[in-house]
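1. generate coordinates for the sequence data below:
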Amino acid sequence: MQQRRIGDMTVSAIGLGAMPLSTKKPRPSREEAVGVVHAALDAGVTLIDTADAYSRDEAEFGHNESLVAEALAAYGSGAADVLVATKGGHTRSGTDWGLDGSPVYLRRACEDSLRRLGVEAIGLYQFHRPDPRTPWEESMGALRQLADDGLVRMVGVSNADIAQIDAARAIVGEAFVSVQNQFSPGWRHSADELAHCAAHGLAFLPWSPFGGVGAAGSLDTTAPAFAEVAAELDVSVYRVTLAWHLAQADVVVLIPGASRAASIQDSAAAAELRLSPEQLARLAG
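-> The predicted structure is shown next:
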């Protein structure tokens with residue numbers, strides 16, 4: 001599979017975003033969910049993205065991290081080179097989502113994630129979303145401390161603008177390696193942040209690359225140009241969409257979700273799909 005860089009690590013250009021395994025209704029069984037992770041690894045995936053808040057509600061906070069850890073342990077030595085990226089800073093109150101970017105909370109969240117993942121240091125730890133009650137600089141200082149203390153190897157941010165990205169670069173230093181923002185055919189508002197990442201050698205991980213759980217199933221109608229190219233190439237519109245993402249810049253690393261083995265297998269195949277300049281021009285509209 002085509003590979004990309006995140007900091008000092010080489011990973012597959014297409015990873016697995018594990019959130020749907022926790023939130024999908026009806027939820028896949030635990031055996032089915034583990035099977036999806038194993039199918040991803042079989043397809044050459046070496047990046048799994050999760051978060052402590054990926055769960056149905058507060059009562060099962062950390063569910064997805066524990067599930068990923070279980071799946072990797074069951075896979076055996078073949079999972080040794082997988083980079084697990086997780087996030088902290090989102091909270092849950094019942095089924096509601098909240099924010100806490102305070103240094104005290106981020107340290108506790110990181111320590112809890114370490115325990116659930118069963119590792120001594122988290123490969124990539126990402127600040128999930130800015131907390132308006134906590135100055136950005138304080139949150140970034142907390143991430144820098146986590147890296148300095150050896151609890152995380154690399155640091156990223158999610159849902160950040162250019163000014164916040166630059167502040168993270170200045171405060172976190174060399175450990176800061178990635179940005180995870182929303183980006184898809186129907187949501188291109190993070191194009192400037194993507195270009196900024198490319199200019200500074202930061203990995204850009206688009207979340208909801210198909211437009212989100214609610215929109216993914218209607219790509220054929222909401223993104224007709226992508227559907228047309230897919231028909232020409234006799235592949236799925238999802239494969240074309242991911243290939244388009246990869247063509248945006250060589251810092252793009254994808255994390256599509258999947259709840260079926262066939263879905264992640266199709267997504268992984270997008271790493272080898274090359275779109276022509278004429279096709280890319282049509283998709284740029």
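
2. can you list the low-confidence ranges for the chain?
-> 20, 24, 213-216 (pLDDT under 70).

3. try it again at 80.
-> 19-26, 212-218, 220, 285 (pLDDT under 80).

4. tell me which stretches of it form strands.
-> Using DSSP state E, the strands found in the chain span residues 3-6, 9-12, 16-17, 47-49, 83-88, 90-93, 96-99, 122-127, 152-158, 176-180, 203-204.

5. of all the ones you listed, which one is nearest residue 165?
-> In terms of Cβ to Cβ, the element of these nearest to residue 165 is strand 176-180, at 5.8 Å. Using the backbone N, CA and C atoms, a C-beta is placed for each residue, glycine as well.

6. chain center to the closest one: distance?
-> Averaged C-alpha coordinates place strand 176-180 at 10 Å from its chain's average position (Cα atoms, centre = their mean, to the nearest Å).

7. that one: partners in the sheet, and parallel or antiparallel?
-> In the sheet, strand 176-180 lines up against strand 152-158 (parallel), strand 203-204 (parallel) (DSSP bridges).

8. for those, give me TSV that also has mean neighbour count.
-> Shown next, in TSV, are those (neighbours: other Cβ atoms under 10 Å):
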stretch	mean neighbour count
strand 152-158	24
strand 203-204	26
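
9. what's around residue 149, how many residues?
-> A total of 11 residues lie near residue 149 under the criterion other Cβ atoms under 10 Å.

10. could you tell me how far residue 35 is located from residue 265?
-> Here the criterion is Cβ to Cβ, to the nearest Å. By it, residue 35 lies 12 Å from residue 265.

11. then residue 71?
-> 16 Å.

12. of the two, which one has the most company?
-> The neighbour comparison of residue 71 against residue 265 (other Cβ under 10 Å) goes to residue 71, with 24 against 16.

13. picking up where we left off before, among the strands of the chain, which is nearest residue 169?
-> strand 176-180 (5.5 Å).

14. dump that closest one to CSV, keeping only the CA atoms.
-> Extracted in CSV, the C-alpha atoms of strand 176-180 (Å, rounded to 0.1, in the frame of the first residue of the first chain):
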residue,chain,number,x,y,z
PHE,A,176,3.9,18.4,16.9
VAL,A,177,3.3,16.5,13.7
SER,A,178,-0.4,16.5,12.6
VAL,A,179,-3.7,18.2,12.1
GLN,A,180,-7.1,16.4,11.9
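
15. give me the angle between that strand and strand 83-88.
-> 70 degrees (axes from the mean of the first three to the mean of the last three Cα atoms, to 10 degrees).

16. which residues are in contact with strand 176-180?
-> 6-7, 49, 85, 87, 124, 126, 143, 154-160, 165, 168-169, 193, 197, 202-207, 253, 255 (Cβ atoms under 8 Å, 6 or more residues apart in numbering).

17. now with 7 Å, please.
-> If you take Cβ atoms under 7 Å, 6 or more residues apart in numbering as the criterion, strand 176-180 is touched by 6-7, 124, 126, 154-158, 160, 165, 168-169, 193, 197, 202-205, 207.

18. do stretch 70-83 as well
-> Contacts for stretch 70-83 (Cβ under 7 Å, 6+ apart): 6, 9, 11, 34, 37-38, 41, 46-48, 123-124.
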